[in-house]
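Novice: Predicted structure and sequence below. I'll ask about it afterward.
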Amino acid sequence: MDKIKYIALFTLALFTVFGCGDDLEFNTPAMLGKKDGELWRAKFYAADIDAGGLVVEGGNSYETLSLVTTLDNVGTYYLGGEHQSEARFKDAYGVTYSTLNAPDPSLQVYPADGEIEIVDFDNSTNTVTGTFKFNAFSEDGMKSVNFIQGEFYRVPLTGGLLVIGGGTSCQQAQQATAEAAAAFAASSSEMPEYADLCNAYKDALVVQINSCGDTSGVLQAAIDALGDCNP
């Protein structure tokens with residue numbers, strides 16, 4: 001395998017959850033849980049402190065999970081009812097579920113509920129760790145989603161989760177980079193679109209650096225390894 005393709009595959013791994021097991025000790029960092037009884041993993045994730053509260057977001061190409069607390073302190077934040085902290089999930093069909101929505105009485109009498117627990121802020125790595133579980137409903141109250149055994153582990157506090165002035169959020173940039181890296185890794189130097197895929201990957205890396213930063217230098221190293229994208 002040539003050097004360029006090796007770097008592409010290596011950096012792609014940085015934006016996916018490592019390992020096949022369910023234990024978080026094999027997935028650092030990670031954001032996962034059981035969605036309606038099935039294992040759900042985020043392929044990209046980021047956290048931010050906004051307006052005094054914590055925002056943790058993760059997702060894949062089709063779904064997005066957002067956890068929002070009213071404060072950024074270690075502790076437990078309850079969901080549903082009169083509580084203003086929120087768990088929000090957008091599915092592959094564009095339906096958004098929230099713990100701030102009430103169920104239709106014909107569906108069930110129990111309200112949305114759950115909790116988000118912030119367990120630790122690690123200042124040395126600028127990451128946050130915690131757990132979550134919740135029942136959330138669509139805006140019309142007719143559909144529901146359930147998450148249990150949810151955990152976010154050492155999710156980086158990158159900031160930029162809220163799009164300001166039409167820019168690209170850090171989470172959006174991470175997703176775009178992961179998708180561009182996957183497309184490039186699946187290509188070969190014999191393909192006519194090789195250079196275009198390579199340049200698209202480089203552009204995505206540049207956007208991610210601008211949106212998220214690159215304190216480790218890994219993203220810039222990937223750009224340097226791609227060179228001028230000649231086969």
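Specialist: That came through fine.
Novice: May I see the buried residues of the longest helix anywhere in the chain?
Specialist: Ranked by residue count, the top helix of the chain under DSSP state H comes out as helix 194-212. Neighbour-count burial for helix 194-212, with 16 or more other C-beta atoms under 10 Å as criterion, is recorded at 194, 197-198, 200-202, 204-209, 211-212. (C-beta placed from N, C-alpha, C; glycine too.)
Novice: where in the protein is pLDDT low?
Specialist: Applying pLDDT under 70 to the chain picks out residues 1-27, 51, 109, 159-172, 210-216.
Novice: any idea how it splits into domains?
Specialist: For the chain, automatic domain parsing gives the domain ranges 3-13+163-226, 19-156.
Novice: which residues sit in contact with the nearest residue to Asp36 once chain neighbours are set aside?
Specialist: The spatial neighbour of Asp36 that comes closest, neighbours along the chain excluded (C-beta to C-beta, 6 or more residues apart in numbering), is Asn146 at 5.5 Å. Taking C-beta atoms under 8 Å, 6 or more residues apart in numbering as the criterion, Asn146 is in contact with 35-37, 134-136.
Novice: what packs against the host helix or strand of Phe137?
Specialist: Secondary structure assigned from DSSP states H and E places Phe137 in strand 127-138. Contact here means 3 or more C-beta pairs under 8 Å, 6 or more residues apart in numbering; DSSP states H and E; on that basis strand 127-138 packs against strand 53-59, strand 86-90, strand 96-98, strand 113-122, strand 144-156.
Novice: would you list the ones you listed in TSV and tack on distance to Ala222?
Specialist: Formatted as TSV, the helices and strands packed on strand 127-138 follow (distance: least, C-beta to C-beta, whole Å):
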stretch	distance to Ala222
strand 53-59	22
strand 86-90	29
strand 96-98	34
strand 113-122	25
strand 144-156	17
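Novice: Wait, Gln220 touches Lys202, no?
Specialist: No: using C-beta atoms under 8 Å, Gln220 is not in contact with Lys202; the gap is 10.8 Å.
Novice: residues of stretch 63-72 that come out buried?
Specialist: For stretch 63-72, by 16+ other C-beta under 10 Å, it's 63-69, 72.
Novice: Show me how far it is from its chain's centre.
Specialist: The chain centroid and the centroid of stretch 63-72 are separated by 11 Å under C-alpha atoms, centre = their mean, to the nearest Å.
Novice: what does it rub up against?
Specialist: 31, 40, 42, 49, 52-59, 77, 84-92, 116, 118, 132, 147, 152.
Novice: What count of nearby residues applies to Gly150?
Specialist: 23 (other C-beta atoms under 10 Å).
Novice: what's the helix or strand for the nearest residue in space to it that is not next to it in sequence?
Specialist: The shortest distance from Gly150 to any non-neighbouring residue, by C-beta to C-beta, 6+ apart, is to Gly33 (3.1 Å). According to DSSP H and E, Gly33 maps onto strand 30-35.
Novice: Could I have the CA atoms of stretch 100-110 written out in CSV?
Specialist: What follows is stretch 100-110, C-alpha atoms only, in CSV (Å, rounded to 0.1, in the frame of the first residue of the first chain):
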residue,chain,number,x,y,z
LEU,A,100,-39.2,18.5,25.5
ASN,A,101,-42.1,17.0,23.5
ALA,A,102,-45.1,15.4,25.1
PRO,A,103,-46.5,12.1,23.9
ASP,A,104,-50.0,12.0,22.3
PRO,A,105,-52.3,10.7,25.1
SER,A,106,-53.5,8.0,22.8
LEU,A,107,-50.0,6.7,22.6
GLN,A,108,-49.2,6.5,26.3
VAL,A,109,-49.8,8.4,29.5
TYR,A,110,-46.1,8.5,30.6
